[in-house]
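> My questions concern the predicted model and sequence given below.
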Amino acid sequence: MKNLSLEAVANILGYSSLYLKVILSFSLSFLLTFIAIPKIIRVSYRKQLMDIPGVRSSHVKKVPRLGGVAIYFAITVVSSIFAHEMLYQIVFFSAALVLLFFIGLMDDLLVVAPRKKLIAQLISAVMIVVGSDVRIHSFFGLFGIYELPYLLSVLFTIFIIVLIINSYNLIDGIDGLASGVGVLISLCFVFIFFRLYDYSMGFLAIAILGALLAFLYFNMSSHYKIFMGDTGSMVVGYLIAFMAIKFIDLASMPYVMIDSAPVIAIAILIVPLIDTLSVIIIRLWKGKSPFAADQNHIHHRVLRLGFSHVQTAVIICVSNALIIGFAYTIRQLNISLMLGLITFAALVLSYLPLVLGEFLIDQKIKKREEAG
């Protein structure tokens, strides 16, 4: 009985210690970002390190664009304290993150050619995939594919990392969208990794969550506005790609085996992924290059319905949450059917604003004709 009591006390202390670490890691990440951003804003105004409005810009005034520096700073400090086991095991993680931070910062300050950014993304992906062997080993029966050959696994994982980094960068077009989606994604991975007892990855997700929430406060501010820039979008894009791959990899372990893991990961990242897919479809439909810049992203379509930036960001984030909830509800279905249903639901939500926009335009034309 005495031993049982001691064991119970040890369990209570263990859980208390974990909860305390969760609170401390989140608070530290939030506070570091919250304290750093005002200082970055002041330096940006003094040195004129600003984002100047262009033809495709959604803002009309100069805005500091080095918010990613504060995000990187907070995540690096907090993860080194609370996720040190992960950093010890995955030796190239920090090196890849530093490389992307440096290239993103150079782009925000001096503008870097897209080709050079792509090369940096590929190098960082190779570091993680080949150097640390963090890769997608299995498709879990998706399209009838299970275990992947090593070379195919490496190439596919590198492609996925680069795709997610650039997809996340593409949704950073209006206030609150990229950071709001990033908050939702991080929150999902906090829940997933703690449920799977991978506390080190869970604390990394908490560090990202705290930093993005603090950044979101300033990004949505009218007086102290700041953008995350390429520094932030590349760093956060890389981190969410890394967490998604670690989740899929962990789910393939015999003692875990979550058969729907790849589709769950897609559902969590559905906004950047479906935005990239739908934009490419629209460009090809119109006979344009899939790499040509335009205003056909999801946030542009919602904005054209008359919603503000805040309302648009909220609508898209809620849509993302609905897709995640839908994926969780149907997680027991065949994985290929599940992917088809998730993709269909996401495309419907993606193209619905476009259809509604065309309908509203037609209604306005009819009213003008009737009035004339």
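Yes, it's here.

> Residue ranges in the stretch 251-372 of the chain under the pLDDT threshold?
290-291, 360-362, 365, 369-372 (pLDDT under 70).

> mind redoing it with 90?
Applying pLDDT under 90 to the stretch 251-372 of the chain flags residues 251-259, 276-309, 347-372.

> avg pLDDT for stretch 150-162?
In this model, stretch 150-162 has an average pLDDT of 96.

> My error: substitute stretch 221-235 in the last question.
For stretch 221-235, mean pLDDT is 91.

> tell me which residues of it are tucked away?
Neighbour-count burial for stretch 221-235, counted by 16 or more other CB atoms under 10 Å, picks out 225, 226, 227, 228, 229, 230, 231, 232, 233, 234, 235. Glycine gets a C-beta too; all of them are placed from N, C-alpha and C.

> Now, the residues you listed that are in helices?
Among the buried residues of stretch 221-235, the members falling in helices (DSSP state H) are 229, 230, 231, 232, 233, 234, 235.

> Roughly how far does residue 324 sit from residue 188?
The gap separating residue 324 from residue 188 is 6 Å, by CB to CB, to the nearest Å.

> who has more neighbours, the two?
Legend: neighbour count by other CB atoms under 10 Å for residue 324 and residue 188, higher for residue 188 (25 against 20).

> check contacts around the closest residue to the more buried one other than its chain neighbours.
Closest residue in space to residue 188, ignoring its immediate chain neighbours: residue 268 at 4.9 Å, by CB to CB, 6 or more residues apart in numbering. Applying CB atoms under 8 Å, 6 or more residues apart in numbering to residue 268 gives the contacts 185, 188, 189, 244, 324.

> doesn't residue 267 make contact with the last one?
Yes: taking CB atoms under 8 Å as the contact criterion, residue 324 and residue 267 are neighbours in contact, 5.1 Å apart.

> what residues are shared contacts of the two?
Taking CB under 8 Å, 6+ apart as the contact criterion, no residue touches both residue 324 and residue 267.

> Quick check: pLDDT value at residue 9.
48.

> again but with residue 137, I slipped
Looking at residue 137, its pLDDT stands at 92.

> Buried residues, the longest strand that the chain contains. List them.
Looking across the chain with DSSP state E, the single longest strand is strand 138-142. Residues 138, 139, 140, 142 are the ones in strand 138-142 that count as buried (16+ other CB under 10 Å).

> And those, which is closest to residue 97?
Comparing those against residue 97 with CB to CB places residue 138 closest, at 26.0 Å.

> Count the residues that sit near residue 347.
So residue 347, with other CB under 10 Å, has 14 neighbours.

> swap that for residue 214, sorry
Residues lying near residue 214 (other CB under 10 Å) number 24.

> and it, which of the three is it?
Classification of residue 214 by DSSP: H, G, I helix; E, B strand; the rest coil places it in helix.

> Quick one: residues contacting it.
The neighbours of residue 214, taking CB under 8 Å, 6+ apart as the test, are 29, 30, 31, 32, 33, 34, 37, 70, 74.

> one more time with 6 Å
Listed by CB atoms under 6 Å, 6 or more residues apart in numbering, the contact set of residue 214 reads 30, 33, 34.

> mind checking pLDDT for the second one?
Here the pLDDT value assigned to residue 33 is 97.

> I'd say it and residue 210 touch.
No: the pair residue 33 / residue 210 is not scored as a contact, 7.0 Å apart, by CB atoms under 6 Å.

> Compare the two (neighbour count), which wins?
Each of residue 33 and residue 210 has its neighbours counted (other CB under 10 Å); residue 33 has more, 29 against 26.

> What lies in contact with stretch 240-259?
With CB under 6 Å, 6+ apart as the criterion, stretch 240-259 contacts 134, 136-138, 140, 161, 164, 185, 189, 192, 196, 201, 261-262, 265.

> where along the stretch 151-300 of the chain do the helices fall?
177-195, 199-219, 229-251, 261-268, 270-285, 298-303 (DSSP state H, counting those that start in this stretch).

> Spatially central residue in the chain, please.
Closest residue to the average C-alpha location of the chain: residue 182 at 4.4 Å, with CA atoms, centre = their mean.

> So it versus residue 67, what's the distance?
Counting by CB to CB, the gap from residue 182 to residue 67 is 12 Å.

> One more: residue 152?
Residue 152 is 37 Å from residue 67, by CB to CB.
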